[in-house]
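Enquirer: here's a sequence, model it:
(one chain, ligands or ions: 1)
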Amino acid sequence: MSSGIEHAKRMAAYKAVDANFPPHAKVVGIGSGSTVVYVAERIGQLKNKHDFVCISTGFQSKQLIIDNGLTLGAIEQFPKVDIAFDGADEVDTNLNLIKGGGACLFQEKLVASSADKFIVVADTRKKSPSDLGIAWRKGVPIEVVPNSYAVVTRQLKELGAKSVVLRQGGGAKAGPVVTDNNNFLIDADFGSISDPGSLHQQIKLLVGVVETGLFVDMAHTAYFGDESGEVSEQLR
Ligand SMILES: O=C[C@H](O)[C@H](O)[C@H](O)COP(=O)(O)O
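Expert: Modelled structure (predicted):
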């Protein structure tokens, strides 16, 4: 990955934190992925960083919180979050998201849905010109209980998925990816998604599905960095 893209991610993250971090925040959600790394970095630079706790969305996120000298809290202790920051794999023109490219979608959705304000950070490659499923071509990530994957795969095809793939660990692991919650991930390609809310609801009803990577009507604002360092803002 080029340093230009890293610059884009850092600028988006810094602007998102600078523009939104509540001065008296008590509970802050920290997402997962390569862009939110810079959110944690920026929050770690705050003078009052010992006045709030940070809730992680998975193993990597927990490490980011610790490595930046922030105070780690658990969602079980702090079920109401003031603000959550996270990355996205794709953002549509209505600020709906596809997430889960890094296998972290369930805890991300738990934290985002508990937050008063949910802020997205990304580089401009994540912007869809219209619907979801256009910029992100790998399919909708869906977390499933392991022994349900074959049944859910069949049912996703019946719902219209063009391809359904059990995500594999690749060179890093023989066999399927196992999430931080000990589940499997299915990537289901529905092509261009005109009604992500309806698709999410249909998938969520399948027995074995823990959560989908469709984040509908959840984000407040998205910040997109480009390689020149410019950051654009998309509001719902
Ligand atoms: O499962 C991973 C998360 O949903 C990430 O937030 C998403 O994949 C975006 O990650 P990145 O900032 O690395 O593109």
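Enquirer: going forward, measure contacts and count neighbours with C-alpha atoms only.
Expert: Will do.
Enquirer: all helices of the chain, in order?
Expert: 3-20, 36-44, 59-67, 105-113, 149-158, 196-204 (DSSP state H).
Enquirer: turn these into JSON lines, columns for mean pLDDT and distance to Ile186.
Expert: JSON lines is the format used below for these (pLDDT from 0 to 100; distance: least, CA to CA, whole Å):
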{"stretch": "helix 3-20", "mean pLDDT": "97", "distance to Ile186": "27"}
{"stretch": "helix 36-44", "mean pLDDT": "98", "distance to Ile186": "23"}
{"stretch": "helix 59-67", "mean pLDDT": "98", "distance to Ile186": "20"}
{"stretch": "helix 105-113", "mean pLDDT": "98", "distance to Ile186": "12"}
{"stretch": "helix 149-158", "mean pLDDT": "98", "distance to Ile186": "8"}
{"stretch": "helix 196-204", "mean pLDDT": "98", "distance to Ile186": "12"}
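Enquirer: closest one to Gly229 among those helices?
Expert: With distances scored as CA to CA, the stretch of these nearest to Gly229 is helix 3-20 (5.3 Å).
Enquirer: and the closest one, how far out from the chain middle?
Expert: Distance of helix 3-20 from its chain centroid, counting by CA atoms, centre = their mean, to the nearest Å, is 16 Å.
Enquirer: so which bits of it are buried?
Expert: Taking 16 or more other CA atoms under 10 Å as the basis for neighbour counts, the residues of helix 3-20 that come out buried are 5-17.
Enquirer: residues in contact with Ile142?
Expert: When the contact criterion is CA atoms under 8 Å, 6 or more residues apart in numbering, the partners of Ile142 are Gly100, Leu185, Ile186, Asp187, Ala188, Val209, Val210, Glu211, Thr212, Gly213.
Enquirer: same thing but at 7 Å, please
Expert: Shown in contact with Ile142 (CA atoms under 7 Å, 6 or more residues apart in numbering): Leu185, Ile186, Asp187, Glu211, Thr212, Gly213.
Enquirer: nearest to the ligand, of those residues?
Expert: Proximity to the ligand was ranked across the contacts of Ile142 by CA to the nearest ligand atom; first place goes to Gly213, at 7.5 Å.
Enquirer: so what's Ser148 up against?
Expert: By CA under 7 Å, 6+ apart, Ser148 lies in contact with Gly208.
Enquirer: let me redo that: Gly170
Expert: Taking CA under 7 Å, 6+ apart as the definition of contact, Gly170 has no neighbours.
Enquirer: and if you look at Val17?
Expert: Residues in contact with Val17, defined by CA under 7 Å, 6+ apart, are Val39, Arg42.
Enquirer: in strands only, show me the contacts of Ile142.
Expert: When those are checked against strands using DSSP state E, the ones located there are Leu185, Ile186, Asp187, Glu211, Thr212.
Enquirer: so the fourth one sits right up against Gln202, yeah?
Expert: Right, the one you point to is Glu211. No: under the criterion of CA atoms under 7 Å, Glu211 makes no contact with Gln202, lying 11.4 Å away.
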